[in-house]
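Asks: build me a model:
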Amino acid sequence: MPSQNSRSEEYDFAVAARENQARLTASLKPMYDFIVCGAGASGSVVARRLAENPDAQVLLVEAGGDDEAETVLDPAQWPLNLGSERDWGFQAQPNPHLNGRALSMSMGKGLGGGSSVNVMVWARGHRSDWDHFASESGDPAWGYDHVLDLYRRIENWRGAPDPHFRGTSGPVWVQPAADPNPIAHAMLEAARELGIPTFDHPNGRMMEGPGGAAITDMLVRDGRRHSLHRAYVRPWLDRPNLTVLTDTLVRRVVLDGRRAVGVEVMRGGRVLTIGAGLEVILSLGAMHTPKVLMHSGVGDREDLARVGISVAQHLPGVGRNLQDHVSFGCIWDYAEPIPPRNSGSEATLYWKSRPELEAPDLLFCQVEFPAPSDRTMARGVPRHGWTMFAGLARPASRGRLRLRSADPLAPITIDANMMSDPADMRTAVACVELCRALGNASAFRPFVRGEAMPGGLKGTELESFIRDAAVTYWHQSCTAKMGRDEMSVVDASLKVYGIEALRVADASIMPRVTTGNTQAPCAIIGERAARMLREAHGL
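Replies: Residues are numbered from 1 along each chain as shown. Purely as a prediction, here's the structure:
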């Protein structure tokens, strides 16, 4: 626990930071060197790294509010943020491949973005993910070996020493789940029963081969959430060259010809234009980054013409290639109630649906309470139970985003299109069968009364359960992808094709969704973007 002196220093810093930001936001400049749009997992990193040069004037714009709430800071309360004012509350269109269901697709709104409302899992992605990024972009600096070095430099790892894979002096406090629930250890033992290897942590050798199981790595420090905003931006809030503007919605990027020269925002009911002398960086997430691009005239010319927006740059990939990890909750009934610990998710597993695969295509997070979908809840959920929250790490299905009108305040239309590719159903069946094998293994027998769902369903009945059970993992990504083909939106340096002084740095640039939770890869995207910006402008 923090000492009395450290608590006093923290209080003094908080007062100084609050007073500094009040001064800066009360007298906004007409122009900043850099405007970073979105204070989430990538934007927080970009803003901090740019502001480390005292000569750079940086404006960080966030639509939501601050992160000073118990629902944010207490790891156990993360579910209370879903559907709250800290959630954008996106709603997908009804999906025939999910038996007509329209999924809620939560995303964080406020300082820290998703890193302030998520389950705090730190998952780096698989070696093959980063090597795929390098291949798609044509830049080896996106490859695994370079990214591993970057991970070592940004981590402050609090687990067992592993210097080849883990760093101990960076800004991101990472630790294994503390004093895990007995069923977390049972999950690892069940994996061993099935011949799946277990590891000391999930962010090293485990993600260089076929996968395995481990106690989860988490962004929790002294029992409190340590979001990427808290790791990167908060320590810099007392600096005179970093202005953080909350409760401010980015409407569009202001273009002069084909150059980004500022942003148009809505703040306090007023529309303002703020200039950017060097560059604008969009870090608004996989829903709002393509939305802002389209409202700025950057996107598919036919889609823009349909809603009456003039085309500045035809990029048909904007809003396409939407990917997300889809999950299916298999639930067991506790023999005796066991209260959740930490975030209620303390063990993770990655494995292959078919032995010939080069890398895991299944993602498992054990959840220490029942987590049914809206539809499977009707099947009967135990009062006390736990969930194998498992799904597709490499979905084949692709969705799409579309504007409803030229009004920037109108919500975007989300066709998530989950489970539309038949390959996903084959993988989902293998996923649920592995869930059942794990949950019914002898390691769990001291803790469970029995399997609540799905039970021994087969064939079309099992497929119907999968369509009813499917929910988002909240890992929306890939809607402004990095690459070199006609559907790519940004190049290897994250510059938007055809537009000067405009970059994207968030999960939307992923060519494919990474294997596992997307928070840690978003930090890498932010670090890479900031490094390229600093090099480009001599900072």
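Asks: centre of the chain to whichever strand or helix holds residue 451, how far?
Replies: Per DSSP states H and E: residue 451 is located in strand 448-453. Mean-position distance between strand 448-453 and its chain equals 31 Å (CA atoms, centre = their mean, to the nearest Å).
Asks: what helix or strand does residue 23 sit in?
Replies: Assigned by DSSP H and E, residue 23 belongs to helix 4-26.
Asks: neighbouring contacts of that helix?
Replies: Helix 4-26 has contacts (CB atoms under 8 Å, 6 or more residues apart in numbering) with 2, 234, 237-240, 243-245. C-betas here are computed from N, CA, C, even on glycine.
Asks: out of those residues, give me the one that has the most neighbours.
Replies: Neighbour count (other CB atoms under 10 Å) singles out residue 244 as the most crowded of the contacts of helix 4-26, with 27 neighbours.
Asks: is the residue nearest to that residue when sequence neighbours are not counted in a helix, a strand, or coil?
Replies: Closest residue to residue 244 apart from its sequence neighbours, by CB to CB, 6 or more residues apart in numbering: residue 60 at 4.8 Å. What DSSP: H, G, I helix; E, B strand; the rest coil gives for residue 60 is strand.
Asks: may I have the helix holding residue 23 as PDB, with CA atoms only?
Replies: Written as PDB, here are the backbone C-alpha positions of helix 4-26 (Å, rounded to 0.1, in the frame of the first residue of the first chain):
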ATOM      1  CA  GLN A   4       1.600   8.500   4.000                       C
ATOM      2  CA  ASN A   5       4.300  10.500   2.300                       C
ATOM      3  CA  SER A   6       3.500   9.100  -1.100                       C
ATOM      4  CA  ARG A   7      -0.200   9.800  -0.600                       C
ATOM      5  CA  SER A   8       0.600  13.400   0.400                       C
ATOM      6  CA  GLU A   9       2.800  13.800  -2.700                       C
ATOM      7  CA  GLU A  10       0.000  12.400  -4.900                       C
ATOM      8  CA  TYR A  11      -2.500  14.900  -3.400                       C
ATOM      9  CA  ASP A  12      -0.100  17.800  -4.000                       C
ATOM     10  CA  PHE A  13       0.400  16.700  -7.600                       C
ATOM     11  CA  ALA A  14      -3.300  16.200  -8.200                       C
ATOM     12  CA  VAL A  15      -3.900  19.800  -7.100                       C
ATOM     13  CA  ALA A  16      -1.100  21.200  -9.200                       C
ATOM     14  CA  ALA A  17      -2.300  19.200 -12.200                       C
ATOM     15  CA  ARG A  18      -5.900  20.300 -11.800                       C
ATOM     16  CA  GLU A  19      -5.000  23.900 -11.500                       C
ATOM     17  CA  ASN A  20      -2.700  23.700 -14.500                       C
ATOM     18  CA  GLN A  21      -5.300  22.200 -16.700                       C
ATOM     19  CA  ALA A  22      -7.900  24.700 -15.600                       C
ATOM     20  CA  ARG A  23      -5.600  27.500 -16.700                       C
ATOM     21  CA  LEU A  24      -4.800  25.900 -20.000                       C
ATOM     22  CA  THR A  25      -8.400  25.000 -21.000                       C
ATOM     23  CA  ALA A  26      -9.700  28.400 -19.900                       C
END
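Asks: for that helix, which positions count as buried?
Replies: Neighbour counts over helix 4-26 (16 or more other CB atoms under 10 Å) mark 17, 20-21, 24-25 as buried.
Asks: after the worst-scoring helix or strand of the chain on mean pLDDT comes which helix or strand?
Replies: Among the helical and strand segments of the chain, the one scoring lowest on mean pLDDT, DSSP states H and E is helix 4-26, with a mean of 88. Per DSSP H and E, the first helix or strand lying C-terminal to helix 4-26 is strand 31-37.
Asks: what sits up against that next one?
Replies: Residues outside strand 31-37 that contact it (CB under 8 Å, 6+ apart): 43, 46-47, 50, 56-61, 243, 250, 262-263, 274-284, 292, 533, 537.
Asks: repeat for stretch 98-108
Replies: Outside stretch 98-108, the residues that touch it by CB under 8 Å, 6+ apart are 40, 64, 81-83, 86-95, 113-118, 285, 287, 324, 373-375, 414, 416, 418-419, 464, 467-468, 470-472, 474, 476.
Asks: ditto for stretch 415-430
Replies: Applying CB under 8 Å, 6+ apart, the external contacts of stretch 415-430 come out as 92-93, 95, 97-98, 103, 105, 322, 324, 326, 328, 353-354, 361-362, 391-392, 395-402, 462-463, 466-467, 470, 472.
Asks: got the CA positions of it in PDB?
Replies: Written as PDB, here are the backbone C-alpha positions of stretch 415-430 (Å, rounded to 0.1, in the frame of the first residue of the first chain):
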ATOM      1  CA  ASP A 415     -23.000  -3.900 -39.600                       C
ATOM      2  CA  ALA A 416     -20.800  -6.100 -37.400                       C
ATOM      3  CA  ASN A 417     -21.600  -9.200 -39.600                       C
ATOM      4  CA  MET A 418     -20.300 -11.600 -36.900                       C
ATOM      5  CA  MET A 419     -20.500 -15.300 -37.800                       C
ATOM      6  CA  SER A 420     -21.300 -14.600 -41.400                       C
ATOM      7  CA  ASP A 421     -18.300 -16.600 -42.800                       C
ATOM      8  CA  PRO A 422     -19.000 -20.400 -42.500                       C
ATOM      9  CA  ALA A 423     -15.500 -21.000 -41.300                       C
ATOM     10  CA  ASP A 424     -16.300 -19.100 -38.100                       C
ATOM     11  CA  MET A 425     -19.000 -21.600 -37.200                       C
ATOM     12  CA  ARG A 426     -16.700 -24.500 -37.600                       C
ATOM     13  CA  THR A 427     -14.100 -22.800 -35.300                       C
ATOM     14  CA  ALA A 428     -16.900 -21.900 -32.900                       C
ATOM     15  CA  VAL A 429     -18.000 -25.500 -32.500                       C
ATOM     16  CA  ALA A 430     -14.400 -26.500 -31.800                       C
END
